[in-house]
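Q: Quick one, what's the 3D model for this:
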Amino acid sequence: MSDLPASVLFTCDHNAVRSPMAEGIAKLFYRHRFYIQSAGVKNDLEIDGFCISVCAEMDVELSRHRSRSFDEMQDWGDDLGGFDLIVALSPASQRKALELTRYYHLDVEYWPIMDPTGLGETREEKLSRYRQSRDQIIDRMVARFGPPLDGDTL
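A: I've put the predicted structure just below:
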């Protein structure tokens with residue numbers, strides 16, 4: 001845990017599924033050990049209901065999450081240059097993050113997390129796909145930042 005950044009921005013396409021999951025799980029696992037936010041390349045979708053459901057299974061509350069884009073973050077005063085690490089969870093957000101490195105000194109990591117939207121026919125099949133994405137995020141997060149702080153469970 002000595003290699004923890006001071007601040008992490010999780011990103012995906014719309015800030016409606018993968019990056020909010022990563023933000024919520026990181027806040028549960030690492031509390032205030034580092035500053036954690038999320039954003040999307042675009043802000044054209046609300047938080048996904050299946051995402052809310054699979055995160056609620058592990059006591060991560062996402063129903064109040066409001067999607068935001070990189071541009072909105074800057075408009076609201078969040079200095080992207082203030083983040084130590086951007087974790088891109090989709091190819092489009094990786095491209096956007098790498099574009100930002102032209103203006104800011106940022107470390108960018110790409111975690112190829114499956115996009116569960118549109119997968120599965122039944123509700124249970126859909127939830128299963130979202131759980132897969134959630135679990136991929138957890139595996140990458142623990143590998144990168146270490147196990148959850150004491151008292152937290154997977």
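Q: Could you list the residues in contact with the lowest-mean-pLDDT helix or strand in the chain?
A: Here the helix or strand of the chain ranked lowest by mean pLDDT, DSSP states H and E is helix 70-75, holding a mean of 81. Identification of contacts with helix 70-75 by Cβ atoms under 8 Å, 6 or more residues apart in numbering yields 11, 37, 39-41, 43, 80, 96, 100. In this view, the C-beta of every residue, glycine as well, is placed from N, C-alpha and C.
Q: Quick one: neighbours of the closest residue to residue 117 other than its chain neighbours, just the number.
A: Nearest residue to residue 117, sequence neighbours excluded (Cβ to Cβ, 6 or more residues apart in numbering): residue 17, at 6.1 Å. Residues near residue 17, counting by other Cβ atoms under 10 Å, number 29.
Q: Point to the residue nearest the middle of the chain.
A: Nearest to the mean C-alpha position of the chain, counting by Cα atoms, centre = their mean, stands residue 19 at 2.5 Å.
Q: The least confident helix or strand of the chain: what's the following helix or strand?
A: strand 85-88 (DSSP states H and E).
Q: Could you list the buried residues of the very next helix or strand once past that following strand?
A: Per DSSP H and E, the first helix or strand lying C-terminal to strand 85-88 is helix 91-100. For helix 91-100, a neighbour-count test (16 or more other Cβ atoms under 10 Å) marks 92-94, 96-97, 100 as buried.
Q: ok now helix 91-100, how far from the chain's centre?
A: Chain-centre distance of helix 91-100: 14 Å, with Cα atoms, centre = their mean, to the nearest Å.
Q: Stretch 39-58 too?
A: 10 Å.
Q: about what we covered before: of the contacts of helix 70-75, which is the nearest to residue 110?
A: Relative to residue 110, the closest of those is residue 11; by Cβ to Cβ it sits at 10.0 Å.
Q: can you count the residues close to that closest one?
A: Using other Cβ under 10 Å, the number of residues around residue 11 comes to 28.
Q: For it, which non-adjacent residue is closest in space?
A: Nearest to residue 11 is residue 93, by Cβ to Cβ, 6+ apart, at 3.8 Å.
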